[in-house]
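1. Following is a predicted model, sequence given first.
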Amino acid sequence: MVLFLSISFNLNSQVIPNGDNDLLWKIENVAEGNGVDAIAIHPINSNILIGKWNNIFEYDVKNGNLLRKITCDSNSNVVGIALSNDGSEIFIDLIFKDGNFTEEIQILDYTTIVKKGKLEPPISLMFYPSTNQEIFGLYKGKFVKYNYQENRIINSVDSEGNVFALTLSQDGTIFAVGTYGSDGFSRVKIYDANTFDLITKLPHTWDSMISALKFSPLNTYISVTFDSYNGLDVINLQNLQKYNWGRNKNSCSFSSDEKIWIPSAGCIKPITTFYQKENNIPIFEINNCGRTIILNDNKLLLWQTYDIFLYSDRWRTVDVNSGDIEKSGIQNIQYSNNSLQISTNNIASIDELIISDTVGKQLIVMKELIVVDNHIEIQLSLPSGFYLLKVKSSGNEFSSKFNVIK
């Protein structure tokens with residue numbers, strides 16, 4: 001007997017616009033095939049800087065070509081990269097293989113790569129947005145606002161508990177701290193980033209260490225990544241509502257208006273889904289996985305351990321309020337008795353139909369199919385497993401997933 005499982009994306013089984021054709025370029029086996037230990041985006045030209053071992057590789061954002069390779073001290077590993085707000089200086093966090101694992105942050109001129117100075121860790125690599133001189137971080141048990149050019153601490157406050165995550169908001173007005181207490185629970189505190197006064201302690205707790213924090217662009221939300229199964233929560237800082245995004249998520253990226261959320265997907269399932277804020281209604285998806293970075297022009301950088309992908313900004317054109325994505329496309333998929341049955345809405349004909357496996361390998365391609373009364377049936381034999389169905393019609397592309405169980 002063959003059973004079928006129909007996969008839908010929400011209660012209305014709406015079609016999700018797909019960004020697979022929006023791939024601009026990809027780099028396979030970055031950093032000479034060694035992968036990514038650190039990554040940063042140049043604030044002016046948006047070039048991508050990758051750190052691996054004792055090298056930094058700079059890639060051209062326009063085409064993905066390697067521009068240059070910067071070699072640091074031979075007995076060091078790059079564990080972090082940042083750039084000054086005007087892009088004139090590179091800050092490289094190095095750990096030396098000297099038996100003591102000495103850490104040092106070196107400052108290089110971006111153009112000439114001449115070494116200009118160094119910082120004593122664990123000063124972090126977060127810059128206040130209004131200046132090239134002031135950085136924020138944790139230093140000798142204190143949270144500090146520090147002018148590195150004058151070697152002067154502007155403000156500070158004692159840290160409490162074991163700090164495992166720290167972040168500064170994009171506008172430099174607040175910072176958040178993730179601490180792990182003696183009771184076995186983690187908590188998040190938010191401070192004023194200039195006066196260093198405590199603003200609030202979030203009422204939520206986590207039963208594992210917090211590994212990453214990130215504010216949304218307008219400071220309405222904060223994403224909390226915790227160690228239990230790489231869990232991800234997003235907290236509304238106005239009403240303290242918590243939204244849980246489940247396991248195997250690295251972080252959450254937000255559109256500039258905060259209406260679109262992109263929980264970075266672990267690669268257990270090779271798909272990245274874009275959601276309407278504060279709910280699980282998907283509005284866009286890419287059949288790829290990894291961590292996401294939104295560039296200044298809204299292009300989307302997606303990176304994995306060894307590969308980097310750049311997608312266009314078309315995801316920002318999706319109207320999250322219009323509901324148009326529910327009016328046309330694939331409504332339902334059923335498979336039984338070697339028959340694939342597809343229910344559609346507002347699709348008169350199919351220019352091309354593609355069935356792929358979960359790693360993107362095309363298994364079946366059909367062209368010029370007729371849809372009758374919003375329904376089409378195709379006779380074919382598929383083994384048990386998960387599949388991706390793509391339909392191209394009148395310049396539009398729709399996709400859905402289905403499962404075959406025999």
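-> That came through fine.

2. Can you give me the domain boundaries for the chain?
-> 29-121, 325-405 (automatic domain parsing).

3. looking at those, which has the lowest confidence?
-> Lowest mean pLDDT within these: domain 325-405, at a mean of 80.

4. Any buried residues in stretch 250-259, and which?
-> Buried residues in stretch 250-259, counted by 16 or more other Cβ atoms under 10 Å: Asn250, Ser251, Cys252, Ser253, Phe254, Ser255, Lys259. Where you see a C-beta, it was placed from the backbone N, CA and C, and this is true even at glycine.

5. Does the last one touch Glu278 like I think?
-> No - contact status for Lys259 versus Glu278: not in contact, 9.7 Å apart, counting by Cβ atoms under 8 Å.

6. re earlier: make JSON lines out of the domains of the chain and add mean neighbour count and distance to Asp183.
-> Output for those, formatted as JSON lines (neighbours: other Cβ atoms under 10 Å; distance: least, Cβ to Cβ, whole Å):
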{"stretch": "domain 29-121", "mean neighbour count": "16", "distance to Asp183": "29"}
{"stretch": "domain 325-405", "mean neighbour count": "15", "distance to Asp183": "41"}
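
7. Nearest to Ser182, out of these?
-> domain 29-121 (25.5 Å; Cβ to Cβ).

8. Not counting its neighbours along the chain, what's nearest Asp307?
-> Glu28 (5.1 Å; Cβ to Cβ, 6 or more residues apart in numbering).

9. swap that for Ile113, sorry
-> Ile70 (5.7 Å).

10. Contacts only, for that neighbour.
-> Asn55, Ile56, Phe57, Glu58, Ile90, Leu108, Ile113 (Cβ atoms under 8 Å, 6 or more residues apart in numbering).

11. Now for these: which two are most distant?
-> Phe57 and Leu108 (14.4 Å).

12. And stretch 23-38, how far out from the chain middle?
-> 16 Å (Cα atoms, centre = their mean, to the nearest Å).

13. and Ile153, how many neighbours does it have?
-> 13 (other Cβ atoms under 10 Å).

14. which secondary structure element contains it?
-> strand 152-158 (DSSP states H and E).

15. Sort out which residues of that strand are buried, please.
-> For strand 152-158, by 16+ other Cβ under 10 Å, it's Asn155, Ser156, Val157.

16. Contacts for stretch 127-143, please.
-> Stretch 127-143 is contacted from outside by 82, 84-86, 88-89, 120, 122-126, 144-150, 153-154, 156-159, 163, 166, 168, 170-172, 175, 177, 191, 193, 196, using Cβ under 8 Å, 6+ apart.

17. Sort out which residues of that stretch are buried, please.
-> By neighbour count on 16+ other Cβ under 10 Å, the buried set for stretch 127-143 is Phe127, Tyr128, Gln133, Glu134, Ile135, Phe136, Gly137, Leu138, Tyr139, Phe143.

18. Stretch 182-192 too?
-> Neighbour-count burial for stretch 182-192 [16+ other Cβ under 10 Å]: Ser186, Arg187, Val188, Lys189, Ile190, Tyr191.

19. Strands - which of those land there?
-> The strands, defined by DSSP state E, take in Ser186, Arg187, Val188, Lys189, Ile190, Tyr191 from these.

20. At which residues are the helices of the stretch 1-150 of the chain located?
-> All helices of the stretch 1-150 of the chain, identified by DSSP state H, counting those that start in this stretch, fall at 30-33.

21. which residues in it form strands?
-> Using DSSP state E, counting those that start in this stretch, the strands of the stretch 1-150 of the chain run over residues 3-6, 16-17, 23-27, 38-41, 48-52, 55-59, 66-71, 76-83, 89-96, 103-109, 115-119, 126-127, 134-139, 142-147.

22. of all those, which lies closest to Thr292?
-> Of the strands of the stretch 1-150 of the chain, nearest to Thr292 by Cβ to Cβ is strand 38-41, at 11.5 Å.

23. How much space separates Leu295 from Asp20?
-> 19 Å (Cβ to Cβ, to the nearest Å).
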